[in-house]
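K.L.:
this is the structure alone, sequence omitted:
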């Protein structure tokens, strides 16, 4: 598997439910980020969590990071139809370049009204 | 403060033609990164440029692809003699310093090679 791999590949839920997406990575990191991409659009930065942090919140978003398992999860609470998008995790590489992000293939989230 | 601008948003080329993709970074940003997204894939790093310098082009195919970021004007990603496999979305991002913290992405250019 490649650095920054999300699962599930696709997730379909009803409005109001919570959505949880996971990301696994292989190498040590300085930080991990989550981005959202609406269909046919650019990427929007959602949240960044550093390697020395375990949990971070931003509005309806909650991100956790477990560096021992090299994994992260993104929880979207009380989902809305407007949350329908692809979600990507992106990592850097500790000891590597300070500018290169590695993205996973993404989770396609569909929130049904 | 305008965000990262990319144009054109959609580009159609026939095999063998040249494609030129432009990226204007955010105001005050002098570091530009190009990524390519193949259908149903994540973004893959291609090249990192500062003004007038290519810093890292390790993700860019050796042939047919080139990038520049002149002193004045936008960054240009140039693809010569395009092939169908070049069909993808090309995104650029910018930062004020070399950083993986919050790279600001443009809306992308969707290249279709017929």
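P.N.:
All right, it came through fine. Model, not experiment: these values are computed from the prediction. Numbers count the residues shown, from 1 in each chain, chains lettered A, B, ... in the order given.

K.L.:
residues near residue B:86, how many?
P.N.:
20 (other Cβ atoms under 10 Å in any protein chain shown). All C-beta atoms are positioned from the backbone trio N, CA, C, and that covers glycine.

K.L.:
what parts of chain B come near chain A?
P.N.:
B:4, B:31, B:33, B:35, B:40-45, B:48, B:55-56, B:59, B:91, B:95, B:98-108, B:110 (Cβ under 8 Å from any Cβ of the partner chain).

K.L.:
which residues does the residue nearest the centre of chain B bridge with?
P.N.:
In chain B, the residue lying closest to the centroid (Cα atoms, centre = their mean) is residue B:34, at 3.8 Å. For residue B:34, the beta-bridge partners under DSSP bridges are residue B:47, residue B:92.

K.L.:
could you do residue B:22 as well?
P.N.:
Going by DSSP bridges, residue B:22 forms beta bridges with residue B:7, residue B:76.

K.L.:
ok, it touching residue B:78?
P.N.:
No: between residue B:22 and residue B:78 there is no contact, the gap being 10.0 Å when judged by Cβ atoms under 8 Å.

K.L.:
looking at those two, which one has more neighbours?
P.N.:
Counted by other Cβ under 10 Å, residue B:22 and residue B:78 do not tie: residue B:22 has more neighbours, with 16 against 13.

K.L.:
can you give me the distance of the more buried one to residue B:60?
P.N.:
17 Å (Cβ to Cβ, to the nearest Å).
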